[in-house]
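*Asks:* Below: sequence and its predicted model.
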Amino acid sequence: MGAAFDFDAIGVAFVEAALDPSRWDAAMEVAEKATGSAGALLFDIKGHLPHVPCSRTMAPSLDTYVRDDWIDRDERYRLVNFLDRKGVTSEFDLLTSDGIARHPYYQEFLAPFGLRWCALVKIAAGDDFWALSLQRSIRQGPFTPDEMRQLADLSRQLGSVAAVARAIGFGRADAALDAFGATETPAIMLDRSGNCAPVQRSGGNASGTRPADYAPASGLL
């Protein structure tokens, strides 16, 4: 591997998804192609809602990940501190190649799908903390040190995109409530935990917290 990644394409796809949340899966398709990966997913590190944007190639493994409770046995959860500190991380921050070759998570869950390696890219703005999970197949091999350096640059760039997405999310939430109000249709907003988030029309909400935004389930695959 080692070719330069198409960061511009990823940035454009993320902004489009911020404007239209139905396009997050399409953004993952772009991220997969632009980084030469076997698949891409977007996880909200702090969220607990049921949708995880992913490229089409990852749908079967994601289904098994949830159905067979690998989400509760995800070895990559231990990478979150590395991700937060460095902006990018991989299993080599925790395990050796020999350890990966023996670990049930990699052999029993990932291997049947032809997967093994990943790079996690931090996307953060304010209190939002997402992980772009880029998957590589057994055949492709792991991300190279040069590619990891490129992905660290991508993390910094996507932080700006995340800030835009965050601001757009606020505007879309308020606009949606205004539309319901204009038609006298009852509506509520839910926060990341699925709780009702009261919102007042004076530009903030009664609790002082921000309106709910798009928040996929936590996990790392």
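*Replies:* Ah, there it is.
*Asks:* lowest-pLDDT helix or strand in the chain?
*Replies:* In the chain, the helix or strand scored least confidently by mean pLDDT, DSSP states H and E is helix 145-182, which has a mean of 70.
*Asks:* need the contact list for the residue positioned nearest the centre of the chain.
*Replies:* Nearest to the mean C-alpha position of the chain, by Cα atoms, centre = their mean, lies L42 at 2.0 Å. Going by Cβ atoms under 8 Å, 6 or more residues apart in numbering, L42 touches 24, 27-28, 52-54, 123, 130-133, 216. Every residue, glycine included, has its C-beta placed from N, CA and C.
*Asks:* Take those and keep only those in strands.
*Replies:* 123, 130-133 (DSSP state E).
*Asks:* As a markdown table, those with distance to Q140, pLDDT and neighbour count would be great.
*Replies:* What follows is the ones in strands among the contacts of L42, written out as a markdown table (distance: Cβ to Cβ, whole Å; pLDDT from 0 to 100; neighbours: other Cβ atoms under 10 Å):
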| residue | distance to Q140 | pLDDT | neighbour count |
| --- | --- | --- | --- |
| I123 | 23 | 92 | 25 |
| W130 | 24 | 90 | 24 |
| A131 | 20 | 94 | 28 |
| L132 | 17 | 95 | 26 |
| S133 | 15 | 96 | 24 |
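*Asks:* For D98, state which of these is nearest.
*Replies:* For those, the closest approach to D98 (Cβ to Cβ) belongs to S133, at 23.2 Å.
*Asks:* Chain neighbours aside, what residue packs nearest to the closest one?
*Replies:* L41 (4.5 Å; Cβ to Cβ, 6 or more residues apart in numbering).
*Asks:* sec struct for that neighbour, please.
*Replies:* Classification of L41 by DSSP: H, G, I helix; E, B strand; the rest coil places it in strand.
*Asks:* I figured it hits V52, correct?
*Replies:* Yes: between L41 and V52 there is a contact at 5.7 Å, judged by Cβ atoms under 8 Å.
*Asks:* Mutual contacts of the two, please.
*Replies:* L62.
*Asks:* Low-confidence regions, the chain specifically.
*Replies:* For the chain, applying pLDDT under 70 flags the ranges 1-3, 48-50, 164-219.
*Asks:* at 90 what do you get?
*Replies:* 1-4, 11, 14-22, 44-52, 71, 124-129, 156-221 (pLDDT under 90).
*Asks:* any idea where the helices of it begin and end?
*Replies:* 7-19, 24-34, 59-67, 80-86, 97-102, 104, 145-182 (DSSP state H).
*Asks:* most packed of those helices?
*Replies:* Most buried of these, by mean neighbour count (mean count of other Cβ atoms under 10 Å): helix 24-34, with a mean of 21.
*Asks:* and the angle from that one to helix 7-19?
*Replies:* 170 degrees (axes from the mean of the first three to the mean of the last three Cα atoms, to 10 degrees).
*Asks:* Contacts made by helix 24-34 with the rest, please.
*Replies:* With Cβ under 8 Å, 6+ apart as the criterion, helix 24-34 contacts 5-7, 9-10, 12-14, 16-17, 37-42, 53-58, 132, 134, 214, 216.
*Asks:* How much space separates R76 from T89?
*Replies:* Applying Cβ to Cβ, to the nearest Å, the value for R76 to T89 is 9 Å.
*Asks:* between those two, which one's more packed in?
*Replies:* T89 (27 against 21; other Cβ atoms under 10 Å).
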